[in-house]
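**Q** Take this sequence and fold it.
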Amino acid sequence: MHDNLYTYIFSDMDIWLSDLNQISHIGINLLAFSPLDVTNHVNPMKMSQMVNYAAARGVTIDSAAHNAEIVPVQAAVLHDSLHLIAKALESFRPLPREFYSPVSCSAASRWPFGSSIMNYLNTVGLDGLTGTITMQPSGRYQHTLRLLKLERNGLSDIGVWNSKTGLNIADRNLAKPLKTTAGTEDDPLRVVSILQAPFLMLKDESKAPPYGEITEKDVHGFLISLLNRVSRLIASEGKGFKYKLYLVPDREFGLRDKTGNWSGMVKEILEDRADLAVGPFTLTAQRESVISFTKPFMTAGIGILYQAPRGSAPNLFALMRSLSVNLWFASLVATAAIGVSLWIIGRFSPLEWSNEHFCTGFATTWAVNVFNLRNSLWFAMCSLMMQGCDINPRAVSTRLLGGVWWFYTMFLSAHFIAKLASVLTVEKMSVPFSSVDELVKHQEIRYGMLNHGSTFEFFQDSKIPIYKEMFEKMNASFPSVFVDSYDEGVKRVASEKYAFLMESTEIEYRVQRNCDVTQIGGTLNTIQYGIGTPKNSPWTEQISMAILYLIENSTIAELREQWWKRGSVCVKDEKSTGPSAINSTLVGGAFLILAGGLVIAMIMVVVEFVWNALHNAKIDKASLWTELVLELRHALRFTASSTRPVLQKQCRTCGVETHSLAAAQMHEHKDYTPMLFLDAATRHSHTGKH
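**A** Numbers count the residues shown, from 1 in each chain. Have a look, this model is predicted:
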């Protein structure tokens, strides 16, 4: 009993003085009569004058009467009665002296001036709070009552009842008779709709008739399927309907202009040219104040359509993005600084010096420090790469420095590995904004919407500051950011920096067929689509019940899946719950580093080989070519044993044999005596003699 199918008429003429805000939004039809014109600002002014007059003379006034907008009917009738008597007495002037004589209520004689005053009352008139007052011997002539209707914004004056002329209703929805016999073969329901994919589309655009001649035979889509399902469902109860579809002439849903006139499908219903308005027809307060809606069959919201984000160009060094450039540079500088610091501290620390020979372990007259500059840098680099090193610090100072460096490299490596996992498994898509707040801050990105419809109304009437700011900016934009159709808006999105505000159902359909656009962020609000009907239409409740049944048994969800997914060309990557394979492009930089390291290593081995041969030639007083051939002869024997003769050098200072030039250099011995290349057996026997 709380919908627009029920009408309540209140006999209390002061009902409008009550607080009706709590029931103004539940959808019932509430009617009341009042002798007062509540829309006339003169009446409260007169009442305010009465209150002020009484207060000036010390008369106690009810606190409610201080509100100039509150004029009870009883006070208004008293006001008009006193003014009418005063006007009659004014016409009776000059008053005779006997007029002021006392009158006894118990005396048999009548007051001689009573009949004269009654005659004057019948001759004077007054435009009072209760309307125009004229008197006759039988009483007041012509009573006027105003018919009031409760709407969302309060009571409105919809008609006038006069004791002489009867009832005159100005509201067209109450005045026109209801169409109760529609829906048969001979008298089908008149359905107005609008072309918008996938709700309603032409079957064959090349063979379509002119716009004004398109009927239900020329179109298909979600709405046709919905109407057929609703009709069959109602038909199962013996109340099925037939319909005749046509397209709205002005191609608009319905918008009220400044003069109060409606356009689009709302206008078609108000002017009795349509019984149903079917489409992505949004339920709004303005529309529901003049027409009715069925239960909503779909819920949506306003979203943002923008260019689909382009994935970043393939980057072979994607793994390097795990750390910022500054952090990479700082880490390399820190590695060098730790290596140099370890070298300096090692030279000052006595515990890092040892006179044990590097090869034999015997004590010598020379102390050796393994943490020279080259070894110190190698230790710092091995620690940074989380690898072991063949030398370790022995002094407390060098161990403390090494421990602090290991602590830093532990956290750096953990951060690098964690970030590397996300970089290698997730391809970051770059979008300029992700919400309305960010969109407003982008001065170079323009945004707009349809120049009519519920989205336009939402921003036009919104009280939220950011939406008001957006609407003002759109209104002031030149060239205009408003478009006449969704197709025009989508084309602007794909071709320029333009964000299109549109309903999410349409966005979902568009992104399935245009891979260059996508929805950014969520929805700004929640809207509902319903079928529009005239006020008090008998079809409203029947279609609403059918829609609820179709929602409960998932029929509407199936229809939506059918019409939205049909013809989809943009296949979106489905989210996988399992591990995904790493793209080789993302780790290509690691292979390049590997290849680069291999090339540099080959170059360095050639340099080392030639440099060693050059030194051996100087020591042996032989030619460089002879040394190179001698070394190459053994280096190229890949199928031979893993052992080879070693060129032994003897130190003149300590008499210790060293097995390589590098070992002798590490001991900082500068004096070498060339010896023969010996085979393995000879070398072992020679070493044993020592």
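
**Q** Now do the residue positioned nearest the centre of the chain against residue 565, distance only.
**A** Centroid-nearest residue in the chain: residue 522, 2.9 Å away (criterion: CA atoms, centre = their mean). Note on residue 522: its distance to residue 565, by CB to CB, to the nearest Å, is 21 Å. All C-beta spots, glycine's among them, are computed from the backbone N, C-alpha and C.

**Q** what about the stretch 1-150 of the chain, any weak spots by pLDDT?
**A** Judged by pLDDT under 70, the stretch 1-150 of the chain has its weakly predicted residues at 1-6, 15-28, 38-55, 57-71.

**Q** and the residue nearest to the centre of the chain, backbone torsions?
**A** The phi/psi pair for residue 522 (degrees, to the nearest 10) reads phi -90, psi -160.

**Q** C-alpha coordinates for the helix or strand that contains residue 81, PDB please?
**A** Using DSSP states H and E, the element containing residue 81 is helix 73-92. Only the C-alpha atoms of helix 73-92 are listed here, as PDB (Å, rounded to 0.1, in the frame of the first residue of the first chain):
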ATOM      1  CA  VAL A  73      -7.500  27.600   8.300                       C
ATOM      2  CA  GLN A  74      -9.300  28.700  11.500                       C
ATOM      3  CA  ALA A  75      -7.200  31.800  11.800                       C
ATOM      4  CA  ALA A  76      -7.600  32.600   8.100                       C
ATOM      5  CA  VAL A  77     -11.500  32.300   8.300                       C
ATOM      6  CA  LEU A  78     -11.500  34.600  11.400                       C
ATOM      7  CA  HIS A  79      -9.200  37.000   9.600                       C
ATOM      8  CA  ASP A  80     -11.600  37.200   6.600                       C
ATOM      9  CA  SER A  81     -14.700  37.500   8.800                       C
ATOM     10  CA  LEU A  82     -13.400  40.400  10.700                       C
ATOM     11  CA  HIS A  83     -12.200  42.200   7.600                       C
ATOM     12  CA  LEU A  84     -15.600  41.700   5.900                       C
ATOM     13  CA  ILE A  85     -17.500  43.100   8.900                       C
ATOM     14  CA  ALA A  86     -15.100  46.000   9.100                       C
ATOM     15  CA  LYS A  87     -15.600  46.700   5.400                       C
ATOM     16  CA  ALA A  88     -19.400  46.600   5.900                       C
ATOM     17  CA  LEU A  89     -19.200  49.000   8.800                       C
ATOM     18  CA  GLU A  90     -17.000  51.300   6.700                       C
ATOM     19  CA  SER A  91     -19.800  51.500   4.100                       C
ATOM     20  CA  PHE A  92     -22.400  52.200   6.900                       C
END
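
**Q** tell me which strands and helices it is in contact with?
**A** helix 42-56, helix 114-123, strand 125-128, strand 131-136 (3 or more CB pairs under 8 Å, 6 or more residues apart in numbering; DSSP states H and E).

**Q** Try it again at 6 Å.
**A** For helix 73-92, the contact count by 3 or more CB pairs under 6 Å, 6 or more residues apart in numbering; DSSP states H and E identifies helix 114-123, strand 125-128 as packing neighbours.

**Q** Could you export these to TSV, including columns for mean neighbour count and distance to residue 344?
**A** Shown next, in TSV, are the helices and strands packed on helix 73-92 (neighbours: other CB atoms under 10 Å; distance: least, CB to CB, whole Å):
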stretch	mean neighbour count	distance to residue 344
helix 114-123	14	122
strand 125-128	16	109
